[in-house]
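> mind folding the following:
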Amino acid sequence: MQSINRTQLFRASCLSLLVTSLSFGIRAGLLNKFGTEFHLDKAALASITATAFYGFPIAVVVGGIVVDIIGMKRLLSIAFLFHLVGILLTIFAQGFWTLYISTFLIGLANGTVEAACNPLVTSLYTDNKTTKLNHFHLWFPGGIVIGTLIVSLFDKILSGHLAGQLVWQIEVGVMLIPTLIYGFLFSKLDFPVTERVSSGVSTGGMYRALLNPLFLFMFICMFGTAITELFTGQWIDVLLKNVTDNGILLLTLETGVMVLGRGFAKPVLKMVSPQVLLLISTILAAIGIYMLGTVSGNMLFFAAIVFGMGVCFFWPTMLGFVNTNLPNTGAVGLNLMGGAGMFAVSVYTIFMGRHYDEIVKQAGGSNATAGQQILHTTLIIPLVLIVAFGGLVIYMRSKNKTAPLKTAAV
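Model prediction:
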């Protein structure tokens, strides 16, 4: 353990997650361009987008199973190769299938990063898992902010000088820079074993812990929190295209709020427990989605702020809650949670893409309100989660009264 430099490992982990989030932010800004460039309808764009979301769960689940066997360093080497090939294929895409395959590879890379880095962070910081997971996952919205700004700035600077396709190829190519850096850094660093291995929990004990009713409950809730956060964010430009020309700026604002929120996770988690934070977050997310689907003009920016505050803590706090309260679930538990979330987003994205096209057809080719209708449908999910997390708060209070848990650092 003397050779383990946890600060450098944490920084390299953040950089690898930055590549993951850049792929989301840049792709969100390029969806409409892909549709125009390659003559793709919304259903086709949804299918392409969804490949990243189901490539992710495949990689994160498989990675969660093998990470204790092959080690986190080898797993991150695989992530690097997937990222490199996926980005290059996107740059040289020729149509639907090349975009489909390249996006799938990037999804595999993104899932492999999380499969290795989530257990890495909890192994490095066993005393404050939820806080450090929030700090690590700060780089997901952070990368989306950077990615969307890259698209906006490059469009303004280069669009008058270069062909449209060359502009977006350069925008995608930017992702190669942090990819090469994180690949180099991880190749030079020593890694610890996972916390489950170091604590002596058997493989059988880990899998038995996955049957705990609390884990199963959180696993199901992860479907809803992931859809609420990622589907809405990834499709915000498409859904609000006929309401505002500032869809990408709204995404940038929303994710900027998420960056700030996750950066202040430590004082927030000192004030409220993770389960109370999840309940508050769900209420704000529901209000934000309702406003995004209802208001117009400058009020959309306020709606984006509210929505960003709502979804800010979802992903890392869900993971931190599970790993803190059910530590025997180990890397597989962390990665099953992430896989569940991304799989749900992939299915929901395909379904909503087709539903969007159906609404447009029924309206005789007009899509003036299609985006708002999709948002109103999506609103049902956080409303259900309000009830679920309200029940979780009551359950945890009851559990602490009858059988107090050891004080768990967050």
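
> average pLDDT for stretch 307-320?
Averaged over stretch 307-320, pLDDT sits at 95.

> tell me how far it is from the chain's mean position?
Centroid separation for stretch 307-320 versus its chain: 10 Å, with C-alpha atoms, centre = their mean, to the nearest Å.

> so what would you say the end-to-end distance of that stretch is?
Length of stretch 307-320, first residue to last, C-alpha to C-alpha, to the nearest Å: 21 Å.

> in it, what's buried?
For stretch 307-320, the buried set under the neighbour-count rule, 16 or more other C-beta atoms under 10 Å, comprises 307-320. Any C-beta I mention is one placed from the backbone N, CA and C, and that applies to glycine too.

> stretch 245-265 too?
For stretch 245-265, by 16+ other C-beta under 10 Å, it's 246-259, 261-262, 265.

> now do stretch 342-361
Buried residues in stretch 342-361 (16+ other C-beta under 10 Å): 342-346, 348-350, 352-353, 355-357, 359-360.

> and for stretch 370-386?
By neighbour count on 16+ other C-beta under 10 Å, the buried set for stretch 370-386 is 370, 371, 372, 373, 374, 375, 378, 379, 381, 382, 385, 386.

> out of the residues you listed, which sit inside strands?
Using DSSP state E to define strands, no part of the buried residues of stretch 370-386 is located there.

> now for those: which two are most distant?
Using C-beta to C-beta, the buried residues of stretch 370-386 reach their maximum pairwise distance at 370 and 386, which is 26.2 Å.

> ranges for the helices of the stretch 251-400 of the chain?
Secondary structure of the stretch 251-400 of the chain by DSSP state H, counting those that start in this stretch: the helices cover 265-271, 274-292, 299-311, 314-325, 330-362, 370-378, 380-402.

> let me have the ones you listed in a markdown table, extended by distance to residue 30.
Shown next, in a markdown table, are the helices of the stretch 251-400 of the chain (distance: least, C-beta to C-beta, whole Å):
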| stretch | distance to residue 30 |
| --- | --- |
| helix 265-271 | 31 |
| helix 274-292 | 21 |
| helix 299-311 | 20 |
| helix 314-325 | 23 |
| helix 330-362 | 16 |
| helix 370-378 | 18 |
| helix 380-402 | 26 |
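
> to residue 226, which of these lies closest?
So among the helices of the stretch 251-400 of the chain, helix 330-362 is nearest, using C-beta to C-beta, at 2.9 Å.

> surely residue 48 meets residue 106?
No: between residue 48 and residue 106 there is no contact under C-beta atoms under 8 Å: 10.9 Å.

> ok, those two, which is more surrounded?
A direct count of neighbours by other C-beta atoms under 10 Å for residue 48 and residue 106 places residue 106 higher, at 29 against 26.

> the strand or helix carrying that one to helix 314-325, inter-axis angle?
Element membership of residue 106 [criterion: DSSP states H and E] is helix 96-124. Orientation check (axes from the mean of the first three to the mean of the last three C-alpha atoms, to 10 degrees): helix 96-124 against helix 314-325 gives 40 degrees.

> mind checking how far helix 96-124 is from the chain centre?
A distance of 11 Å separates the centroid of the chain from that of helix 96-124, by C-alpha atoms, centre = their mean.

> for it, packing partners?
Packing contacts for helix 96-124, counted by 3 or more C-beta pairs under 8 Å, 6 or more residues apart in numbering; DSSP states H and E, involve helix 6-38, helix 42-70, helix 72-91, helix 129-137, helix 195-198, helix 330-362.

> relative to residue 148, which of those helices is closest?
When those are compared by C-beta to C-beta, helix 6-38 sits nearest residue 148, at 4.7 Å.

> so residue 356 sits against residue 44, correct?
No: assessed by C-beta under 8 Å, residue 356 is found out of contact with residue 44, at 11.6 Å.

> quick one: list the elements packing against the least confident helix or strand in the chain by mean pLDDT.
Every helix and strand in the chain was compared by mean pLDDT, DSSP states H and E; the lowest is helix 236-239, with a mean of 76. Here helix 236-239 touches helix 6-38, helix 247-263, helix 370-378, going by 3+ C-beta pairs under 8 Å, 6+ apart.

> okay, angle between the first one and helix 129-137 too, please.
Note on geometry: by the same axes, to 10 degrees, helix 6-38 and helix 129-137 are set 50 degrees apart in direction.

> buried ones in helix 6-38?
Residues 6, 9-10, 12-35, 38 are the ones in helix 6-38 that count as buried (16+ other C-beta under 10 Å).

> low-confidence ranges, this structure, go.
Scanning the chain for pLDDT under 70 picks out 1-2, 28, 160, 163-165, 367-368, 402-410.
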